[in-house]
Every structure is written in structure tokens, then in C-alpha cells.
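S.K.: With the sequence up front, the predicted model follows.
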Protein chains: 2
Amino acid sequence: MEADPLSTTFAALADPTRRAILARLMEGEASVTELAEPFDMSLPGISKHLKVLERAGLISRSRDAQRRPCRIEGKPLAAASEWLERYRQVWEGNFQRLDALLDKLKSQDKIDTKTRGVDT
Amino acid sequence: MEADPLSTTFAALADPTRRAILARLMEGEASVTELAEPFDMSLPGISKHLKVLERAGLISRSRDAQRRPCRIEGKPLAAASEWLERYRQVWEGNFQRLDALLDKLKSQDKIDTKTRGVDT
């Protein structure tokens, strides 16, 4: 079963080494050897991570040189960020669940009725 | 091995059903039965997804009632969004890799030297 693009992106980001590789690529293109260096990881180990990132479209690799440097690609990151953006109101605290709002309106209604009852 | 919080969040988001559950919870709290309905999925199937979301802190479940409604929690979404935000310059196209910038500066330097050579 082929995963949808957003699931593939989130799955690729669900690993600290892969996120560190992307952070490194923000500084510029790098070969597999250069990427393997800071991670104390074997070349096959790094290659495996790069394949996951490449499949997710998060990196691309030039075909010409033997060095085949990797570069970061923004498109899937933009899609992931866009998805999260829809939930901004949840973490910004100005999110009022519909049920909570209805409860509030209902209890407000009761208070109003009572108040009116006392007043008249 | 316990995964870091950001990896746990991204892994939890790497599934279309779990993302749809979060979208549903934006409308208000919901019980497992209510959540299972639109997905044509068994209760144990939904429960499994809810456990992944709960472990990632993306939902919480009230302890009091038998219904135990689920609600969406924003904190991990905020952390994920913050991480992606660092890469905004990549997808906005105003990202200039350091190596590309250095190449440009070097070639600019060569042109300047040549021009000066012709002029004097």
C-alpha cells in the first residue's frame, strides 16, 4: 500500500537523525560521506536514511557527479506546515470547542431566564 | 528505546485516519464510538489509533465519565509547527545555500578582478 504524500513526509520526519540531516543541508549541499561524519554512523546506515528522505521528496541528489551531493527540498515541508497551520487556534488557546461553546451558551441562557424571572 | 517527543508526534501524524480523527476533534470532544462511525472501522481499530495519539499527547481523555470523550491537545502540534517553521526559507524560495552563495561570491570576485585588469 502506497502511503499518501503527507503521511510519507511525517514518517520521514519522525527520526532525529533524518531531522539532523535536513538541518545540516540547510548549510549547503553535502555528499553522503560528509553527512555520515558528524553522526558516527556507517555509510549504509546514512544511505538508508537518505533513501527515506529522497522517497519523501525532502532531499534530491544530483545525477551528474560521482559525489552526488544531496540538497534539501522545501515542497513537502511546506505541505506539512500548511497542514499543522490549520490547528494553530488549538495551541494558541483561542480555540473553543463547539460543544464547550454550546454548553456555555446553554448555561448562559439558563442564567438569563432565572435573572429575568427574579426581575419581573 | 523511547523516541524523542518530536519523533513521536511526527510518527503519530503519519497516518491519514489519525489526522482525520484530529480534524474531527476540532469540532468538539467525541467518544470512541462517535469517532469510529465515519471511518467504517472497528472499535478496537479506532482504539489503537487513539492510543498512538494519546501517547503522543495529541489527545487527552477525561477519566470521569464512562463515555470518556477525547479532546485534541495543541502542545505537540505547536512543537512540530515550530520545528517546520525553521525551514520556511527553504520552501519560500529565498533560501540561498551557503555553498551556492560562496560560488557566486567567488565568480563575482573573478569578474571584478578581470574588469579591473581591463580598466587599468
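M.R.: Perfect, I can see it now.
S.K.: which stretch of helix or strand covers the residue most central in space within chain A?
M.R.: In chain A, the C-alpha nearest the mean C-alpha coordinate belongs to residue A:80, at 4.6 Å (CA atoms, centre = their mean). Assigned by DSSP states H and E, residue A:80 belongs to helix A:75-85.
S.K.: report the angle between the axes of that helix and helix B:75-85?
M.R.: Interaxial angle of helix A:75-85 relative to helix B:75-85 (axes from the mean of the first three to the mean of the last three CA atoms, to 10 degrees): 150 degrees.
S.K.: send the alpha carbons of the helix or strand just after helix A:75-85 over as CSV?
M.R.: Elements were assigned by DSSP H and E; along the chain past helix A:75-85, the next helix or strand is helix A:88-91. C-alpha atoms of helix A:88-91 as CSV (Å, rounded to 0.1, in the frame of the first residue of the first chain):
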residue,chain,number,x,y,z
ARG,A,88,-2.9,26.9,15.2
GLN,A,89,-6.0,28.0,17.1
VAL,A,90,-5.8,24.8,19.2
TRP,A,91,-2.3,25.6,20.6
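S.K.: How far does helix A:88-91 sit from its chain's centre?
M.R.: 15 Å (CA atoms, centre = their mean, to the nearest Å).
S.K.: related to what we said a few turns ago, residue A:104 versus the residue nearest to the centre of chain A, what's the distance?
M.R.: To residue A:104, residue A:80 is 34 Å away according to CB to CB, to the nearest Å. C-beta: built from backbone N, CA, C; applies to glycine.
S.K.: now swap in residue A:81 and tell me
M.R.: With CB to CB as the criterion, residue A:81 and residue A:104 are 32 Å apart.
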